[in-house]
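Colleague: Build me a model from this:
(chains A and B)
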Amino acid sequence: MNTEKEKRIGVFICHCGKNIAGGLNIKVLVESSKQIQGVAYVVDNKFSCSEDGQVDIKKTIQDQKLDRVVVAACDPSLHLMTFQRCGENAGIEPQFVDLIDIRKWTMHGSPHKVAPEQALEKSKKLIELAVKRMRLKRLIPLVEVKVEQSVLVIGGGVAGLEAGLDLADKGYKVHIVERLPTIGGKMALLYKVFPTNDCAPCILAPKTAYANIHPNITLLTNSEVNNVGGYIGNFNVEVIQRPRYIDTTKCTGCGECVEKCPVKVKDDVFSAGMGQRKAVYIPYDQAIPKKAVIDAQNCLYFRKGVCRLCEKQCPTDAIDFEQQAKTIAMKVGAIIVATGFDEYDPTEKSEYGYGRYNNVITQFQLARLLDIDGPTKGQLLRPTDGKEPKRIVMIQCVGSRDKNTNDYCSNICCMYALKHAQIIKEMVLPEAEIYICFIDMRTVGKGFEKYYRRTREIGINFIRGRPSEIIEESDTKNLLIRVEDPDIGHLLEIKADLVVLSCATIPSSGTGQLSQVLGIALDEDGFFKEMHPKLRPVETNVRGIYICGAAQGPKDIPDSIVQARAAASFADGELRKAKIKLPEFIVKASKLNKGV
Amino acid sequence: MKEVYVEEFMSPGCVGCPAVKEMLEELSSEFGDKLTVEEVDITVDTTRAAQYGVMSVPAIAINGILKFVDVPRKEKLREAILEELER
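Modeller: Numbering: from 1, shown residues only, chains lettered A, B, ... in the order given. This is a model prediction of the structure:
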């Protein structure tokens, strides 16, 4: 064993009960670790994280006069701080205590589990690297920095608003950046929400309205985060605000410009393609800010240099065709990412004919049709002939739980299918026959199972089976759905007037680009990755940047609210320190000579 | 023997990372046993990235000190390694 004078490194190998010891030969690992340059002492223990284990580590550090420590155990995102505190109590700088994960190769159920021989070899190699890293690591001086008492919230949906309001009420300055011309996100467009069947905009409005008038909140709609630099406490943010071509200080939201505008286009965003809007428009009645916006791509003046009817009509002279994009710079102490989700485009599931058959729509489109303030004022009519559908089939897990598209369960689709079935049966078309084709009904949540039972009781039909194909009758545009029902062992054929696809929840467009701008990681499904899926669900790989809502993964509104509050709590925990100590190189990082 | 330990922070899909990897492979041949390079995927090892405050990749730490963010010139990288070896 090498006993280098300057650096005496201790290696502590944890059994983690049988989780590690059951999957590799600990004795061999101890012996091989003793041969590594710089290692002064090696010991194994049953549970390094236990009270006994930590007492042993502390005592060993002092007895053996160790000045650097490598613990070979589990995921550092969970326990690194445990061992760093333990080292600190024994007199070692926290940065000279490292934790490496060898358990991932040995633990039953781990996706990385390998055979014992491989686990041993991989562990040997990892310990060797960690020891070398610790041996050569220099002490990093810490510097004290001031923490800006302000926060950037990216995304003005229910999660972003909840987090922003929480922090604004605590006294921090909050900037909410929203890509669309209004805050409110997807929730504002859901018509009703499960399991209470409350009106979605009605229960959202207290938050949007409060955010609009809160003295500590700045709303930046029609805006996107373009660049972020700096570090916790001192993030430098650049936001690009696209022009509305409307002077919002003058616009009263009267809608006269909208009325006069001669250009009608399909509204893909606020009507999910089921209705139209004008080239100058107000997204919806409860939009905040309730200000018009001109869609330059479709406006006759921008396209052909003619028209300007809106300008002539506006009673407050608010139209401004000369408006340019603005770059807004700000400095914030923390960032909360709440960019939400998009609905999966089922066009690639060609067996269901979405995009080819006009009477195949998605649940989000159905929500817009059912909305009494939506494009059809709550009338549910078939897109092809405007008639009321008599038989409706809903298909679950479209683009979810599907190896060819998205592997994961989208969490909310079972419940919103039940919600829409209830609304149609009880409020819109009581005579309609409704079928829900499902794989499993997943109704996990407070009051959800009762909601499911109630949906069955009011006469909704459930078929366990994923339809294999949909065929359209060319003359009537009716749809024939073929589905195998394993419960009765038959191939069923159902004729329907309307098919509704319960599509997957996917990361919102631009998530990949934003992850690059912020330097935060994505998970394998493309959502923002949390530090630990169970125990650190709102922290990211960048200190001071937190995630919440569907941006982190599919979830319903109550879970988004809880997570938003958690993200706000973490941000508050850092901001309230006012000053923090950071490694010098983090502070210098933004000024590093890139050498390019 | 003086040694240098380089942590190369990268992520899948990072545009500049292959260039840094290639540079470090060339420098590894040049410096031999004196240089150890560890590739750290920030999407897998999130804790390490957080400790260093890495916000964008590629990034390079040398003997525990974050030295480069973005793709450095190879000569600058060599100088930084030599500087550590001569400390």
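
Colleague: next SSE after the helix or strand bottoming out on mean pLDDT in chain B?
Modeller: Lowest on mean pLDDT, DSSP states H and E among the helices and strands of chain B sits helix B:46-52, with a mean of 84. The first helix or strand that comes after helix B:46-52 along the chain, using DSSP states H and E, is strand B:59-62.

Colleague: I'd like the distance from that following strand to the chain centre, please.
Modeller: Offset of strand B:59-62 from its chain centre (Cα atoms, centre = their mean, to the nearest Å): 4 Å.

Colleague: Spell out which residues of the stretch 51-200 of chain A are next to chain B.
Modeller: A:76-77, A:80, A:95, A:129, A:132-133, A:136-138, A:140 (Cβ under 8 Å from any Cβ of the partner chain). Glycine gets a C-beta too; all of them are placed from N, C-alpha and C.

Colleague: Give me the neighbour count for the closest residue in space to A:Lys278 that isn't next to it in sequence.
Modeller: Nearest in space to A:Lys278, with sequence neighbours left out and distances taken as Cβ to Cβ, 6 or more residues apart in numbering or on different chains, is A:Cys261 at 3.9 Å. As a burial measure, A:Cys261 scores 23 neighbours (other Cβ atoms under 10 Å in any protein chain shown).

Colleague: got it, and A:Ile561?
Modeller: 20.

Colleague: I'd say A:Asp183 and A:Leu220 touch.
Modeller: You called it Asp, but residue A:183 is Ile. No. Proximity of A:Ile183 to A:Leu220 does not meet the contact threshold set by Cβ atoms under 8 Å, at 9.8 Å.

Colleague: and the least confident helix or strand of chain B with chain A, contact?
Modeller: Yes. Helix B:46-52 reaches chain A (Cβ under 8 Å from any Cβ) through B:46-52.

Colleague: Now render those residues as JSON lines, adding distance to B:Gly64 and neighbour count.
Modeller: Formatted as JSON lines, the residues of helix B:46-52 next to chain A follow (distance: Cβ to Cβ, whole Å; neighbours: other Cβ atoms under 10 Å in any protein chain shown):
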{"residue": "B:Thr46", "distance to B:Gly64": "18", "neighbour count": "25"}
{"residue": "B:Thr47", "distance to B:Gly64": "15", "neighbour count": "21"}
{"residue": "B:Arg48", "distance to B:Gly64": "11", "neighbour count": "22"}
{"residue": "B:Ala49", "distance to B:Gly64": "14", "neighbour count": "27"}
{"residue": "B:Ala50", "distance to B:Gly64": "15", "neighbour count": "23"}
{"residue": "B:Gln51", "distance to B:Gly64": "10", "neighbour count": "23"}
{"residue": "B:Tyr52", "distance to B:Gly64": "9", "neighbour count": "23"}
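
Colleague: pLDDT value on B:Lys34, please?
Modeller: pLDDT, B:Lys34: 96.

Colleague: Stretch A:18-26: which residues count as buried?
Modeller: Neighbour-count burial for stretch A:18-26 flags A:19-21, A:23-24, A:26 (criterion: 16 or more other Cβ atoms under 10 Å in any protein chain shown).

Colleague: average pLDDT for the biggest helix by length in chain B?
Modeller: Longest helix in chain B, counting residues (DSSP state H): helix B:17-31. The pLDDT scores in helix B:17-31 average 96.

Colleague: Then stretch A:353-361?
Modeller: Stretch A:353-361 comes out at a mean pLDDT of 97.

Colleague: thinking again about what came up before, include distance to A:Ser123 when you put the residues of helix B:46-52 next to chain A into a markdown table, please.
Modeller: Listed next are these as a markdown table, based on distance: Cβ to Cβ, whole Å:
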| residue | distance to A:Ser123 |
| --- | --- |
| B:Thr46 | 21 |
| B:Thr47 | 18 |
| B:Arg48 | 18 |
| B:Ala49 | 22 |
| B:Ala50 | 23 |
| B:Gln51 | 22 |
| B:Tyr52 | 24 |
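
Colleague: which of those lies closest to A:Pro554?
Modeller: Distance to A:Pro554, by Cβ to Cβ, is smallest for B:Thr46 among the residues of helix B:46-52 next to chain A, at 20.7 Å.

Colleague: quick one: contacts for the closest one?
Modeller: By Cβ atoms under 8 Å, 6 or more residues apart in numbering or on different chains, the residues touching B:Thr46 are A:77, A:521, A:529, A:531, A:540-541.

Colleague: Repeat the analysis, applying 7 Å as the threshold.
Modeller: A:77, A:521, A:529, A:531, A:541 (Cβ atoms under 7 Å, 6 or more residues apart in numbering or on different chains).

Colleague: Nearest residue to the fourth one in space, ignoring adjacent ones along the chain?
Modeller: So that's A:Met531. Of all residues not flanking A:Met531 in the chain, A:Glu539 sits nearest, at 4.0 Å (Cβ to Cβ, 6+ apart).

Colleague: From the residues of helix B:46-52 next to chain A, pick the one nearest A:Ala211.
Modeller: Nearest member of those to A:Ala211, counting by Cβ to Cβ, is B:Ala50, at 30.0 Å.

Colleague: In space, what's closest to that closest one - neighbours in sequence excluded?
Modeller: A:Asn541 (5.0 Å).

Colleague: Which of A:Ile183 and A:Leu220 has more residues huddled nearby?
Modeller: Neighbours were counted for A:Ile183 and for A:Leu220 using other Cβ under 10 Å; A:Ile183 has more, 27 against 22.

Colleague: Helix or strand for the residue nearest to B:Ala50, just tell me which one.
Modeller: In this structure, A:Asn541 sits in neither a helix nor a strand according to DSSP H and E.

Colleague: Contact partners for the residue nearest to A:Ile458 when sequence neighbours are not counted?
Modeller: Leaving aside its chain neighbours, A:Ile458 sits nearest to A:Lys425 (5.3 Å; criterion: Cβ to Cβ, 6+ apart). By Cβ under 7 Å, 6+ apart, the residues touching A:Lys425 are A:432, A:434, A:458-460.

Colleague: try B:Asp41
Modeller: B:10-11.
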